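In: sequence unknown, structure follows:
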């Protein structure tokens, strides 16, 4: 249940999957009166500037040196006014290290400082988004080019927006709302721009990917979403896979100031194109209650391991299975995540606490447990955020502490 413009109704993926990207000149452009000429489309366009500073500290027991990353992301973008249904949007990101801290930026390059703990925020300047749009077909939006794509709670398709260098997709997307209470999303993706940057050997995924996501929200108590994600990896064809799933979510009212929150989801991952020996289940069950803005929620998430472990390579992984990022790749024996979350607001400060217990799907291994804490507050256009994660190992990975301090402002 992601609210890109705030922190109300928080679950394990909110705050992070949306990742404070609410400001979007592309949205502003849709509110502008139709331009009468190409020149006016440019001169009446909107410029946006977004600054995000973050300090990240990582102490990991199996790495010799602690990481201290002090980075500033500067995002500059421009959206034309619409002209005969067409529009254009371009966005540049620059990530600069400030203060001389050392950290492993995870790029795999010689300059990565691999003797330090990982903070996956490499320096660099890139085109983050650049696309043409067309809204001349009723109830339909079309985009071609490099763009942000987030489906549902970003568990399978997301922008990894927490990292300073966002994940975006090169391709073609369609959004259609012709049928009442129904939204159809389709995307063809030929390249994924990952968070590691253009200079990294793992900075791009060369792919032929088809994404289909269909939802119906015509019932008061449930939203039904079905999806099929078909990933064909040109550089690693044996890993090509398809994921077919069904997701049910709802927030039925219990009274004037209270409501239930639930999510049920099942998906099956299997071979696609030249994929080999892929087969695993995904399951999610969440149930919570919100009373006057205070929310208590418990959940169970399974990334199974049958023929293979269930993987989510396009996900906003940081929003799930703990903020220490131990499980961005599912272990070979799969992952069971039992969690409980408490969130609310005190004196205008949004607060969140989550406890995770991790174990294997196959076998009896107990991986470890993790505590996540977050506090955030807005002061006008400025958002301040502090966050902490502590992972304690039993049979997998190493004890890790992470601390983040962040400030963001958008104009």
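Out: Here it is on my side, so go on. No experiment lies behind these values; they were computed from the predicted model shown. Numbers count the residues shown, from 1 in each chain.

In: could you measure the spatially most central residue of the chain against residue 57, distance?
Out: With distances taken as Cα atoms, centre = their mean, residue 316 lies nearest the centre of the chain, 3.0 Å away. Distance, residue 316 to residue 57, by Cβ to Cβ, to the nearest Å: 22 Å. C-beta coordinates here come from the backbone N, C-alpha and C atoms, glycine included.

In: can you check residue 261 too?
Out: According to Cβ to Cβ, residue 261 stands 33 Å off from residue 57.

In: what about residue 93, neighbour count?
Out: 22 (other Cβ atoms under 10 Å).

In: that one and residue 126 touch, don't they?
Out: Yes: under the criterion of Cβ atoms under 8 Å, residue 93 makes contact with residue 126 at 5.6 Å.

In: list the residues that contact both of these two?
Out: residue 165 (Cβ atoms under 8 Å, 6 or more residues apart in numbering).

In: which SSE is residue 40 in?
Out: Using DSSP states H and E, residue 40 maps to helix 38-43.

In: how about that helix: buried residues?
Out: Neighbour-count burial for helix 38-43 flags residue 41 (criterion: 16 or more other Cβ atoms under 10 Å).

In: quick check: mean pLDDT of that helix?
Out: For helix 38-43, the mean pLDDT works out to 94.

In: list the strands paired with the helix or strand following that helix, with their directions.
Out: Using DSSP H and E, the helix or strand that follows helix 38-43 towards the C-terminus is strand 46-60. Partners of strand 46-60 in the sheet, by DSSP bridges, are strand 67-79 (antiparallel), strand 400-410 (antiparallel).

In: strand 46-60: which residues count as buried?
Out: Neighbour-count burial for strand 46-60 [16+ other Cβ under 10 Å]: 46, 48, 50, 52, 53, 54, 55, 56, 57, 58, 60.

In: returning to that earlier point: possible to save the strands paired with strand 46-60 as TSV with mean pLDDT, mean neighbour count and distance to residue 182?
Out: Supplementary listing: the strands paired with strand 46-60 in TSV, determined by pLDDT from 0 to 100; neighbours: other Cβ atoms under 10 Å; distance: least, Cβ to Cβ, whole Å:
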stretch	mean pLDDT	mean neighbour count	distance to residue 182
strand 67-79	98	20	27
strand 400-410	97	18	32
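
In: and the residue lying closest to residue 99 once chain neighbours are set aside, what does it touch?
Out: In this structure, residue 99 finds its nearest non-sequential neighbour in residue 70, 4.3 Å apart by Cβ to Cβ, 6 or more residues apart in numbering. By Cβ under 8 Å, 6+ apart, the contact list for residue 70 reads 53, 54, 55, 97, 98, 99, 101.

In: for the residues you listed, which one is nearest residue 256?
Out: Among the contacts of residue 70, residue 54 lies closest to residue 256 (Cβ to Cβ), at 39.0 Å.

In: from residue 317, how far out is that closest one?
Out: For residue 54, the distance to residue 317 (Cβ to Cβ) stands at 18 Å.

In: pull out the buried positions in stretch 109-123.
Out: 109, 112, 113, 116, 117, 118, 119, 120, 121, 122, 123.

In: so how far is it off the chain centroid?
Out: 22 Å (Cα atoms, centre = their mean, to the nearest Å).

In: now do that stretch, average pLDDT.
Out: On average, the pLDDT along stretch 109-123 is 94.

In: buried ones in stretch 189-202?
Out: Under 16+ other Cβ under 10 Å, the buried positions of stretch 189-202 are 189, 191, 192, 193, 194, 195, 196, 197, 200.

In: can you give me the helices in the protein?
Out: 25-30, 38-43 (DSSP state H).

In: so which other helices or strands are in contact with the last one?
Out: Secondary-structure packing of helix 38-43 (3 or more Cβ pairs under 8 Å, 6 or more residues apart in numbering; DSSP states H and E): no helix or strand packs against it.

In: for the buried residues of stretch 109-123, which one is nearest residue 359?
Out: Of all the buried residues of stretch 109-123, residue 118 has the smallest distance to residue 359: 23.9 Å, by Cβ to Cβ.
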